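Asker: Whatever this is, show me its structure:
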Amino acid sequence: MKQEPTRYLTRSQAHPYRPLMLAALAGALVWAAGMASAHAALPATQTQGSVEYVTGGIGLDESQSLKAAEKSYPLSLLFARKLDGKNDYTADVKVVITDAKGGTVLDATSGGPYMLVKLPPGEYKVSATLDGTEQTRKVSVKGNGSAHAGFEWNSKSTK
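Answerer: Have a look, this model is predicted:
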C-alpha cells in the first residue's frame, strides 16, 4: 500500500482571513484610543445643589470633547469677546441661572468658553457677566441638547 505524502499548509492557507482579522483589530484599537482620548479631555463634572455642570474648552481636545458632549446636556452656553473685529473665546464669566420662580439654581464661574449644564425641563434666565458687563438670555429647556445660548462682549482695541 502506497502512503500519501504529508502535506503542510502555509500560514496564509491555514488562516486565510488572518490579515483581515488583524486589520480589523488594529482599526478597533485605533478607534478605542481615539474615543478614550476624547473622553479623557472632557473636564471634570461639577455639582452645585442638584445641578451638574462642566465648563472649559481651553485647547482643541477639550473644546472638541465639550462640543461632542453637548447632546448629553440640556443647556449649553458659549462665551466670546469681540476684539479688533474678531471673536475670541473667553473664560472667567460669572454665570447665574434662575428658574421661573426667580430661585437661583446655579451660581458659578466658567473655566473656559463652554459651559454645559444639566437642568430639568423648564424656563430659565441665564445671566452672564464679564468685566462688570452683564447680559441675560431666556432659555427654554425641553430635554438633552435642547437649549443653547451665546454671549458676546465687545472689548477695547489693543491697537
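
Asker: Determine the number of other residues adjacent to the nearest residue to K138 once chain neighbours are set aside.
Answerer: Spatially, and ignoring its direct neighbours in sequence, K138 is nearest to K125 (5.7 Å; CB to CB, 6 or more residues apart in numbering). For the C-beta atoms, the positions are set from N, CA and C on the backbone; glycine is no exception. Using other CB atoms under 10 Å, K125 has 14 other residues around it.

Asker: Do I have it right that K125 meets V95?
Answerer: No. Assessed by CB atoms under 8 Å, K125 is found out of contact with V95, at 11.2 Å.

Asker: Worst mean pLDDT across the helices and strands of the chain, which element?
Answerer: None of the helices or strands of the chain scores lower by mean pLDDT, DSSP states H and E than helix 18-40, at a mean of 47.

Asker: next helix or strand past that one?
Answerer: Where DSSP states H and E defines the elements, the next helix or strand beyond helix 18-40 is strand 46-48.

Asker: And the contacts of that following strand?
Answerer: By CB atoms under 8 Å, 6 or more residues apart in numbering, the surrounding residues in contact with strand 46-48 are E52, Y53, V54, T55, L106, D107, A108.

Asker: partner strands of the helix or strand just after that strand, parallel or antiparallel?
Answerer: Sequence order places strand 51-56 as the next helix or strand after strand 46-48, per DSSP H and E. Neighbouring strands of strand 51-56 in its sheet, by DSSP bridges, are strand 46-48 (antiparallel), strand 114-118 (antiparallel).

Asker: pLDDT on whatever helix or strand comes next after strand 51-56, on average?
Answerer: As assigned by DSSP H and E, the chain's next helix or strand after strand 51-56 is helix 60-69. Averaging pLDDT along helix 60-69 gives 91.

Asker: give the contact list for A108.
Answerer: Going by CB under 8 Å, 6+ apart, A108 touches Q46, Q48, Y53, T55, K94, V95, M115.
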